[in-house]
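Undergrad: Whatever this is, show me its structure:
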Amino acid sequence: MGRLKPTPPTRAERKAARVDQGEPVDQPKVFDLIQAWVHDRMPFHDACKAAGIRVNTARALLRDPKVRQRYRHEMDVLRESERVPSIHRLAHLRDHAKSERIQLEAARVLATDPESGSAGASVSVNVNFTPGYVIDLSGDAETARIGRVPATIDEQAVDISSD
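TA: Residues are numbered from 1 along each chain as shown. As a prediction, the model looks like this:
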C-alpha cells in the first residue's frame, strides 16, 4: 500500500496560521468588514463581500485578539448609540400607547437605572426529596431505627394501609 500524502492547508488555514503567528492584518479591510457587519447591519456573508474578504478568511481573522477587540469595541459603540432611540421609543409608548399596561411597563423601564443592574433581586431554592424510607441518625447507633415515613396530606398524617 502507498503512503497517504498529507493534504495541503487551505487558503483560510494558511491565513489563520499567519494571523496566529502575529503577522499584520489588513486593517482597512477588517475595519470595513466590522463596519458593514455591525453598523450597516449586513449579514456576515454580505459584509465579507462588501469588504473584499472571503468568508473563511474573515472567520480566521476573527480569531485574532486585536480583531476581536475591535469587534467588541464597535459592538459597545452600537449598543451605546442605540440606547437613545430606545429611550425615545419608550417615552413615546409611555405617552401614547392605547394600553395602560404598555404605558405602565414603559414607565417602569424608563424609571429603572441601567447602571444599578436588575430592578429586583431573585432568589431560587430548589429542594428535591423522594418519599420513602428515612434513617433516623439522631442519637447513638443503638437507638437508630429505620422506619417508614407516614403519608401526609397538607401536613396531616393519612392512613394508607391496605387492610
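
Undergrad: rest of the way, CA atoms for contacts and neighbours
TA: Fine.

Undergrad: where along this protein do the strands fall?
TA: Listed in chain order, the strands of the chain (DSSP state E) span 133-136, 145-148, 151-153, 156-158.

Undergrad: Just the CA coordinates for stretch 85-92, please, in CSV.
TA: Listed next in CSV are the C-alpha coordinates belonging to stretch 85-92 (Å, rounded to 0.1, in the frame of the first residue of the first chain):
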residue,chain,number,x,y,z
PRO,A,85,-33.6,55.9,20.2
SER,A,86,-34.8,53.1,22.6
ILE,A,87,-35.4,55.6,25.3
HIS,A,88,-37.2,57.9,22.9
ARG,A,89,-39.4,55.0,21.8
LEU,A,90,-40.2,54.0,25.4
ALA,A,91,-41.1,57.6,26.2
HIS,A,92,-43.4,57.6,23.2
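
Undergrad: what's it in contact with?
TA: For stretch 85-92, the external contacting residues (CA atoms under 8 Å, 6 or more residues apart in numbering) are 106-107, 109-110.

Undergrad: before we move on, the earlier item: the strands of the chain: lowest mean pLDDT?
TA: In terms of average pLDDT, strand 145-148 trails the rest of the strands of the chain, at a mean of 56.

Undergrad: nearest spatial neighbour of residue 97, skipping sequence neighbours?
TA: Nearest residue to residue 97 in three dimensions, chain neighbours excluded: residue 103, at 6.0 Å (CA to CA, 6 or more residues apart in numbering).
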